[in-house]
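Undergrad: Make a model of this:
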Amino acid sequence: MTMSALGEPCVLLKLGEIVLKGKNRELFERRLISNIRDALQELGLKLDVRRRHGVIAIFLPDGSSAEQALAVAERVADVPGLVWIHPAWRVAKDPDAVLKAGVELIGEREEEVARKATFAVRSRRRDKRFPLRSNELDRFVGGAINDAYGLPVDLRKPELTLSIEVDRDEVFVFTGGLPGQGGLPVGSSGRALVLMSGGIDSPVAAYRMMRRGLHVDFLHFSGIPFTTSESIYKAYALVRKLDRFQGKSRLWVVPFGKAQQSIRNSGQDRLAVIAQRRLMLKTAEEVAHRIRAAALVTGDALGQVSSQTLTNITAQDHAVELPILRPLVGWDKTEIMAEARRIGTLEISELPDEDCCSLLAPKRAETRAKIEDLKQIEKRLDAEELAVQLADSIQEYTL
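TA: Predicted coordinates for the structure are as follows:
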């Protein structure tokens, strides 16, 4: 039986915009490594995560398989802050060892070898003490691959690429990889509270804010006691789906039905939806203060529905002092749905439920709400005190 030249399986992680952070880069990288370790705990493997110049390497325990390395790669592919994840092989820092490993690794790509796919070797020499320069290593290993399999070389658009990275203590070889989420490490930008409906938009908004480094918690408004618990189940399922991007997510639910009834009884039918949105924001702001969140996040997209005209968005902003982040404000519905499908929330969002907003749907909604009119409604409702009461009534749902 021929002994493999591939050495030990490992995973290489390529950083994104973190590398542009200058003097603050150290803080971002530490946060990223902490997030990676948290995400990998569920695999139950004793992993060694090491920071290198421009990359992060994850070494598996002795005797680990390529399948385990792939499982590690697939899990960290959900961690924001990384742009590429490469299941790789760690080989001795010796030109002959690298050559043998490269030839064997290409040979495992049986389909491409069988159809004589074009190939290229791309080397990167981070340790300049290695005896061969990058272009010399390319030719050294590429010539052996050509001799072994007769594959044609294409340096511009190869169908198969063998990557070689010479590091301080070892050499990494790999073909292909998984795209990462990009963005910044979750937690590097602070904490925010997402107003989480059961619809398509707010889960996508939450994800986009995670990619910008915010750790988000979730607040869902239920129509209980005038609706069933279906919307709560959806919100819970959506938060669980999103939790793989950040971990330690928290979901709170506000029983909002009676407050909606009070708004409806105020007699301002056309303003009811905007009045409801302002009360939701006031309640969310009270909760945010309690959990030390510095901003609110919504899934608003400009002009998508009547409550999201520029005038009505301005009227909602006026209800609270905390900043309201709207990452989807310039997106259309097709773009939002495509992103929801990519991150895995669309199928859940499309499940039927009784959304609390349906309780206040007027025959004709106001598209240019006046702030003074809304203040009069809130004065009758004592909205500030009502928001505190609603915040006191929240129930946490543990994931």
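Undergrad: Next, the distance between the ends of stretch 291-302.
TA: 29 Å (C-alpha to C-alpha, to the nearest Å).
Undergrad: In that stretch, which of the residues would be classed as buried?
TA: Under the neighbour-count criterion of 16 or more other C-beta atoms under 10 Å, stretch 291-302 has 293, 295-301 buried. All C-beta spots, glycine's among them, are computed from the backbone N, C-alpha and C.
Undergrad: any chance of those in a markdown table, with secondary structure too?
TA: A markdown table is the format used below for these (DSSP: H, G, I helix; E, B strand; the rest coil):
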| residue | secondary structure |
| --- | --- |
| 293 | coil |
| 295 | coil |
| 296 | strand |
| 297 | strand |
| 298 | coil |
| 299 | coil |
| 300 | coil |
| 301 | coil |
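Undergrad: and which of these is nearest residue 71?
TA: residue 297 (31.5 Å; C-beta to C-beta).
Undergrad: pLDDT on the helix or strand where residue 253 lies, on average?
TA: Assigned by DSSP states H and E, residue 253 belongs to strand 251-255. For strand 251-255, the mean pLDDT works out to 96.
Undergrad: next one: stretch 275-289
TA: pLDDT averaged over stretch 275-289 gives 96.
Undergrad: I would like the residues contacting that stretch, please.
TA: 192-193, 195, 219, 221, 252, 254, 256, 259-260, 263, 266, 268, 293-296, 307, 315-316, 319-322, 324, 357, 360, 374, 377-378, 381, 383-384, 386-388, 390-391, 394 (C-beta atoms under 8 Å, 6 or more residues apart in numbering).
Undergrad: Can you check the pLDDT for the closest residue to residue 159 other than its chain neighbours?
TA: In space, residue 159 comes closest to residue 117 once its chain neighbours are excluded; the distance is 4.0 Å by C-beta to C-beta, 6 or more residues apart in numbering. Predicted confidence (pLDDT) for residue 117: 96.
Undergrad: before we move on, the earlier item: can you give me how far the helix or strand just after the strand holding residue 253 is from the chain middle?
TA: Downstream of strand 251-255, the next assigned helix or strand under DSSP H and E is helix 257-264. Centre-to-centre, helix 257-264 and its host chain are 35 Å apart (C-alpha atoms, centre = their mean, to the nearest Å).
Undergrad: Go through helix 257-264 and flag the buried ones.
TA: Under 16+ other C-beta under 10 Å, the buried positions of helix 257-264 are 257-260, 262-264.
Undergrad: same deal with stretch 21-41?
TA: Those would be 28-29, 31-33, 35-36, 39-40, for stretch 21-41 by 16+ other C-beta under 10 Å.
Undergrad: Going by distance to residue 177, which of those wins?
TA: residue 36 (15.9 Å).
Undergrad: Look up phi and psi at the closest one.
TA: Backbone geometry at residue 36, expressed as degrees, to the nearest 10, gives phi -60, psi -50.
Undergrad: Could you verify my assumption that it touches residue 75?
TA: No. Using C-beta atoms under 8 Å, residue 36 makes no contact with residue 75, being 9.0 Å away.
Undergrad: Any idea how far stretch 216-226 is from the middle of the chain?
TA: Relative to its parent chain, stretch 216-226 has a centroid offset of 23 Å by C-alpha atoms, centre = their mean.
Undergrad: CA atoms of that stretch as CSV?
TA: Output in CSV follows, covering the C-alpha atoms of stretch 216-226 (Å, rounded to 0.1, in the frame of the first residue of the first chain):
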residue,chain,number,x,y,z
VAL,A,216,-28.2,41.5,17.4
ASP,A,217,-31.0,40.4,19.7
PHE,A,218,-34.6,40.0,18.5
LEU,A,219,-37.9,41.5,19.6
HIS,A,220,-41.1,40.0,18.2
PHE,A,221,-44.6,41.6,18.6
SER,A,222,-47.4,39.0,18.8
GLY,A,223,-51.1,39.7,18.3
ILE,A,224,-51.9,37.6,21.4
PRO,A,225,-54.6,37.3,22.8
PHE,A,226,-56.3,38.0,19.5
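Undergrad: so where do the helices sit in this structure?
TA: Using DSSP state H, the helices of the chain run over residues 25-40, 66-76, 95-107, 110-114, 134-149, 201-211, 230-246, 257-264, 272-291, 310-317, 333-343, 346-349, 371-381, 383-392.
Undergrad: Who are the packing partners of the third one?
TA: Contact here means 3 or more C-beta pairs under 8 Å, 6 or more residues apart in numbering; DSSP states H and E; on that basis helix 95-107 packs against strand 82-91, helix 134-149, strand 160-166, strand 171-175.
Undergrad: what's the closest non-adjacent residue to residue 217?
TA: residue 250 is the one closest to residue 217 (C-beta to C-beta, 6+ apart), at 4.5 Å.
Undergrad: State the distance from the one you found to residue 142.
TA: According to C-beta to C-beta, to the nearest Å, residue 250 and residue 142 sit 52 Å apart.
Undergrad: cool, residue 367 as well?
TA: Taking C-beta to C-beta, one finds residue 367 at 64 Å from residue 142.
Undergrad: and those two? which has more neighbours close in?
TA: In this view residue 367 and residue 142 are compared by other C-beta atoms under 10 Å, and residue 142 has more residues nearby, 22 against 16.
Undergrad: now that one, nearest residue through space, not along the chain?
TA: Leaving aside its sequence neighbours, residue 142 sits nearest to residue 121 (C-beta to C-beta, 6+ apart; 4.3 Å).
Undergrad: In contact with residue 266, which residues?
TA: Per C-beta under 8 Å, 6+ apart, neighbours of residue 266: 272, 275, 377, 380-381.
Undergrad: before we move on, what about residue 5?
TA: 91, 97, 100-101, 103-104.
Undergrad: how long is stretch 188-200 from one end to the other?
TA: First-to-last residue span, stretch 188-200, C-alpha to C-alpha: 26 Å.
Undergrad: Now do the buried residues in that stretch.
TA: 188-189, 191-200.
Undergrad: what's residue 135 in contact with, if anything?
TA: With C-beta under 8 Å, 6+ apart, residue 135 has these contacts: residue 123.
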